[in-house]
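Asker: One predicted model, sequence on top.
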Amino acid sequence: MSGLQISAIILAVVFGFFNFFLAVSVAGTATKEKRAVRDRMKRLFKNKPAENAKTKRRESILARATGEGAEAAINRSEKSRKLMDTLFDALISADIMMRPEEFALVWIVVTFVPSGLAALFGAGILPSLTLAGLGAFMPLLFIKIKKDKRLKVFESQLGDTLIMMCNSLRSGFSFQQAMDNVAMDMPAPIGVEFSRVCNEIRYGSTMEEALENMADRIKSPDLLLVVSAVCIQRTTGGNLSEILTIISNTIRDRLKIKGEIRSITAQGRTSGLIIGALPAFIAVALMLINPSYMSTFFTTSAGRIMLIVCVVMEVFGFLAIRKVVTIKY
């Protein structure tokens, strides 16, 4: 297969995906109000069996709003939006202000366009596949790096935030007013997250639901500890400012220990990163610079065996180094 044929196939695939996501985006904009009604009605029907006239009346409203039965509408909505909701949660956690459809479109372009151009200019199938693999992997790596960086900043701000909330509670403010102060005075990302919590409460969510949604977005053990303590205190009672002070001291101690552990294991982690990434980096560079040299690993039996052995040893070495430098506390 020639480079022109490969590029034509890749461009056709890219064009097909582009049309698909363009249609999805247009359909999503056109049905925005309809989906908003469905989401509001879904919250009303959640965990409520249709056993009285009032509930049946609500189901008929949902049926008229969505053009189908309530249960069918809810099930179809859950299935169709599961993938996009997962991607949307990842983008929110990484603080990437893009819609899932937009990010998916960029992802497809980054995956196929460079490889298609490489094939068009006669680079061969091996470099084209290498560029496609890099294009598919880099957006995921970008999201992970952004999420990890944002999580570290959030956890470093959490101790000071709890102290601010304790001072607000001792001054006579309510817990929601204390969260409003955090949303206004603290920088991103913790100020942005508490602002979302306050907005959810204003739009009808309970405080427990809003805090649990924030914990689901951030996925921080320290924040989960805070949310659990607040929810338990609102159920059983107690001195919330004292509880938050104790948790704040615990979080500060955990951050101090975490920093010391990272300093001790820095050399091992760096060595593992260099040793693990060097063979893969050299292999990718050779695929792009001299494809005929690397084609031996894919076209001969001995080359395939060596490639499999190398991949297995790389994986085992990575897991062994990670096991050594990972300290649970």
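Answerer: Perfect, thanks for sending it.
Asker: CA only for contacts and neighbour counts going forward, please
Answerer: Fine.
Asker: What is the least confident helix or strand in the protein?
Answerer: helix 53-66 (a mean of 49; mean pLDDT, DSSP states H and E).
Asker: Residue ranges of each domain in this protein, please.
Answerer: By the assignment in automatic domain parsing, the chain contains the domains 3-123, 150-264, 265-325.
Asker: And the pLDDT at the spatially most central residue of the chain?
Answerer: Nearest to the mean C-alpha position of the chain, by Cα atoms, centre = their mean, lies residue 90 at 1.8 Å. With respect to pLDDT, residue 90 scores 80.
Asker: how about the nearest residue to it, chain neighbours excluded?
Answerer: Once flanking residues are discounted, residue 90 sits nearest to residue 143: 7.3 Å by Cα to Cα, 6 or more residues apart in numbering.
Asker: same deal with residue 182?
Answerer: Residue 182 sits nearest to residue 191 (Cα to Cα, 6+ apart), 5.9 Å away.
Asker: OK, contacts around that neighbour?
Answerer: 182-185 (Cα atoms under 8 Å, 6 or more residues apart in numbering).
Asker: Can you say which of the residues you listed are buried?
Answerer: Among these, those buried by neighbour count (16 or more other Cα atoms under 10 Å) are 182-183.
Asker: Take the contacts of residue 191 and write them to TSV, including pLDDT.
Answerer: Output for the contacts of residue 191, formatted as TSV (pLDDT from 0 to 100):
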residue	pLDDT
182	92
183	91
184	92
185	90
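Asker: can you give me how far stretch 159-178 is from the chain middle?
Answerer: 30 Å (Cα atoms, centre = their mean, to the nearest Å).
Asker: how about it: buried residues?
Answerer: Counting neighbours by 16+ other Cα under 10 Å, stretch 159-178 gives 159-166, 168-169, 175-176, 178 as buried.
Asker: Can I get that stretch in PDB, CA atoms only?
Answerer: C-alpha atoms of stretch 159-178 as PDB (Å, rounded to 0.1, in the frame of the first residue of the first chain):
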ATOM      1  CA  GLY A 159      -5.000  23.200  55.400                       C
ATOM      2  CA  ASP A 160      -5.200  27.000  55.200                       C
ATOM      3  CA  THR A 161      -8.700  26.800  53.900                       C
ATOM      4  CA  LEU A 162      -9.900  24.800  57.000                       C
ATOM      5  CA  ILE A 163      -8.200  27.300  59.300                       C
ATOM      6  CA  MET A 164     -10.100  30.200  57.500                       C
ATOM      7  CA  MET A 165     -13.400  28.200  57.900                       C
ATOM      8  CA  CYS A 166     -12.700  27.600  61.600                       C
ATOM      9  CA  ASN A 167     -12.100  31.300  62.200                       C
ATOM     10  CA  SER A 168     -15.400  32.100  60.300                       C
ATOM     11  CA  LEU A 169     -17.300  29.600  62.400                       C
ATOM     12  CA  ARG A 170     -15.900  31.000  65.600                       C
ATOM     13  CA  SER A 171     -16.900  34.500  64.500                       C
ATOM     14  CA  GLY A 172     -20.500  33.400  64.200                       C
ATOM     15  CA  PHE A 173     -20.900  32.600  60.600                       C
ATOM     16  CA  SER A 174     -22.700  29.500  59.400                       C
ATOM     17  CA  PHE A 175     -20.900  26.700  57.500                       C
ATOM     18  CA  GLN A 176     -22.300  27.900  54.200                       C
ATOM     19  CA  GLN A 177     -21.200  31.400  54.800                       C
ATOM     20  CA  ALA A 178     -17.700  30.100  55.700                       C
END
